[in-house]
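1. Could you work out the structure for the sequence below:
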Amino acid sequence: MTSTLERPTRPAQPPAGDRRPRRLGFGQRRSAWDLKLSPYLYISPFFILFAITGLFPIAYTAVISFMDWDLVRNSGEFIGFDQYAWVLSQPKFWIALRNTFSIFLLSSVPQLILAIFIAAMLDQNIRAKTFWRMSVLVPYVMAPVAVALIFSNMFGDQYGVVNTTLQNLGLPAVPWHSDAFASHIAIATMVNFRWTGYNTLILLAAMQAIPREYYEAATVDGAGKIRQFFSITLPSLKPTLVFVIITATIGGLQIFDEPRMYDQYGTGGADNQWLTVTLWLYNVGWGEWNFGRAAALAWILFLLILAIGAINLFVTRSLVRDDGGRGDTRSRRDARAQARAARARVRADADTPAPPRDTDASRGGAARQETRR
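-> Just a heads-up that it's a prediction; the model follows:
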């Protein structure tokens, strides 16, 4: 008995040269536009707000810095770089710059070292980890004015807690307000008290993101805790350390609250012992009502922060190694070139027509069909 059923023959595929391009409909075009433009629309509110509250004041300050600004008439006369020349010719500027760098170094370096140490301790398997992690953040949530008032009383010259303790121990009292270096230590202590916990939590989050397999393999190889810290933890913290160092640099060079509240006058001391650049900027702008000079001083500080931030970025990248487990030593140019080549190969494979199916199974099925006939 022979069967009369036949398999439907598959239509032959057109040659590659006869393929006609498909026309995209409006719905498909709208989907493509949505895929390309929607990410920019989602992030646009931030950039619009930043342009209004950030870029516009910066540009407006740059314009005012070249003018002899009249606050009453809200207009000014263009005088070029005279405001910058006046700022750079003032001895008070160089005193304020020296004080700013001194307080910055006394606060940032110990702060980062202590933050790394505390983060490493909190990363261990200790009891009440959540309590200790929340405790290190308590100084950060305190008001800066409250911290400055408390510490300024602690470092009082006559009745301060620190000098009273030193005198009870038979040591001489420290002139915290009359000596420049002593005042820098006191102000740096305020900054360290307030910002160490913030940097600790950032570094702790980065430490917890390190795969635990690294430490297990190092333990099997016989590496101790100190060796694991310097060989695994620190190299893996490079991106976070770059961020923390740059933010600490920006905050240290813009220090204002602590020196402002260090005494009752808020002018930086009788002999400018703890006068900083931002404190002098405030005194020039709101004390002398000279906004042209204050704007020029603000831009000088801005350029200094950019230069020092770039130096910090270069030094940090050269001193701290990358995580060895990633194994990607390509430059950005090579990575982009390889990505473009990969996309080109994908498009070429998509445009190449699939060959017709001519397998042994299909040929055997056709032979059996002919035999039945």
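2. I'd like to know how far Ile210 sits from Gln167.
-> Going from Ile210 to Gln167 by Cβ to Cβ, to the nearest Å gives 48 Å. Every C-beta, even on glycine, is put in place using the N, C-alpha and C of the backbone.
3. the more surrounded of those two?
-> Ile210 (17 against 11; other Cβ atoms under 10 Å).
4. Name all residues that make contact with that one.
-> Residues in contact with Ile210 (Cβ atoms under 8 Å, 6 or more residues apart in numbering) are 232-233, 236.
5. rerun at 6 Å
-> Ile210 sits next to Ser236 when contact means Cβ atoms under 6 Å, 6 or more residues apart in numbering.
6. which SS state does it fall under?
-> Assigned by DSSP: H, G, I helix; E, B strand; the rest coil, the conformation of Ile210 is coil.
7. just Tyr265 next, same as before
-> coil.
8. Phi, psi for it please.
-> Recorded main-chain torsions at Tyr265 are phi -100, psi -40, according to degrees, to the nearest 10.
9. That one: neighbour count?
-> Neighbours of Tyr265 using other Cβ under 10 Å come to 9.
10. if I look at it, how far off is Gly287?
-> For Tyr265 relative to Gly287 (Cβ to Cβ), the value is 11 Å.
11. Toward the C-terminus, what is the element adjacent to the helix or strand harbouring Pro235?
-> Using DSSP states H and E, Pro235 sits in helix 234-236. Following helix 234-236 in sequence order, the next helix or strand is helix 238-253 (DSSP H and E).
12. How far away from the center of its chain is that following helix?
-> 7 Å (Cα atoms, centre = their mean, to the nearest Å).
13. Using PDB, list the CA coordinates for the helix or strand that comes right after it.
-> Using DSSP H and E, the helix or strand that directly follows helix 238-253 along the chain is helix 257-260. Written as PDB, here are the backbone C-alpha positions of helix 257-260 (Å, rounded to 0.1, in the frame of the first residue of the first chain):
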ATOM      1  CA  ASP A 257      32.300  76.500  58.800                       C
ATOM      2  CA  GLU A 258      35.000  75.400  61.200                       C
ATOM      3  CA  PRO A 259      37.300  78.500  60.900                       C
ATOM      4  CA  ARG A 260      34.300  80.800  60.800                       C
END
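14. mean confidence score for helix 257-260?
-> Averaging pLDDT along helix 257-260 yields 89.
15. now do stretch 289-299
-> Averaged across stretch 289-299, pLDDT comes to 90.
16. buried set for it?
-> 290-299 (16 or more other Cβ atoms under 10 Å).
17. of all those residues, which comes closest to Asn163?
-> Ranked by distance to Asn163 (Cβ to Cβ), the buried residues of stretch 289-299 are led by Leu297 at 34.7 Å.
18. Just to check, the closest one is in contact with Trp280?
-> No: taking Cβ atoms under 6 Å as the definition, Leu297 is not a contact partner of Trp280, at 7.1 Å.
19. so how far is Leu137 from the residue nearest to Gly285 when sequence neighbours are not counted?
-> Take Gly285 and drop its neighbours on the chain: the residue closest to it by Cβ to Cβ, 6 or more residues apart in numbering is Ala294, 3.3 Å away. Ala294 sits 34 Å away from Leu137, going by Cβ to Cβ.
20. Strands of this protein, residue ranges please.
-> In the chain, the strands defined using DSSP state E lie at 67-70, 75-78.
21. mind putting those in CSV, distance to Thr196, mean neighbour count and mean pLDDT included?
-> Below are these laid out as CSV (distance: least, Cβ to Cβ, whole Å; neighbours: other Cβ atoms under 10 Å; pLDDT from 0 to 100):
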stretch, distance to Thr196, mean neighbour count, mean pLDDT
strand 67-70, 40, 18, 81
strand 75-78, 43, 12, 80
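22. Show me the one of the ones you listed that comes nearest Ile311.
-> strand 67-70 (31.5 Å).
23. where's the closest one relative to the chain centroid, distance-wise?
-> 35 Å.
24. Then stretch 70-83?
-> On Cα atoms, centre = their mean, the centre of stretch 70-83 falls 35 Å from that of its chain.
25. ok, and what's touching it?
-> 65-69, 289, 292-293, 296.
26. Apply 10 Å and report the result again.
-> Outside stretch 70-83, the residues within contact range by Cβ atoms under 10 Å, 6 or more residues apart in numbering are 63-69, 85-86, 88, 285, 289-297, 299-300.
27. Keeping just the C-alphas, turn it into PDB.
-> Extracted C-alpha coordinates of stretch 70-83, given in PDB (Å, rounded to 0.1, in the frame of the first residue of the first chain):
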ATOM      1  CA  ASP A  70      28.000  98.000  41.800                       C
ATOM      2  CA  LEU A  71      25.700  96.100  44.000                       C
ATOM      3  CA  VAL A  72      23.100  99.000  44.300                       C
ATOM      4  CA  ARG A  73      22.700  99.500  40.600                       C
ATOM      5  CA  ASN A  74      23.300  95.800  39.800                       C
ATOM      6  CA  SER A  75      25.700  96.700  37.000                       C
ATOM      7  CA  GLY A  76      29.400  97.000  36.600                       C
ATOM      8  CA  GLU A  77      32.200  98.500  34.600                       C
ATOM      9  CA  PHE A  78      34.500  96.200  32.700                       C
ATOM     10  CA  ILE A  79      38.100  96.400  34.000                       C
ATOM     11  CA  GLY A  80      39.600  93.200  32.700                       C
ATOM     12  CA  PHE A  81      42.000  91.300  34.900                       C
ATOM     13  CA  ASP A  82      42.500  94.100  37.500                       C
ATOM     14  CA  GLN A  83      40.500  92.200  40.100                       C
END
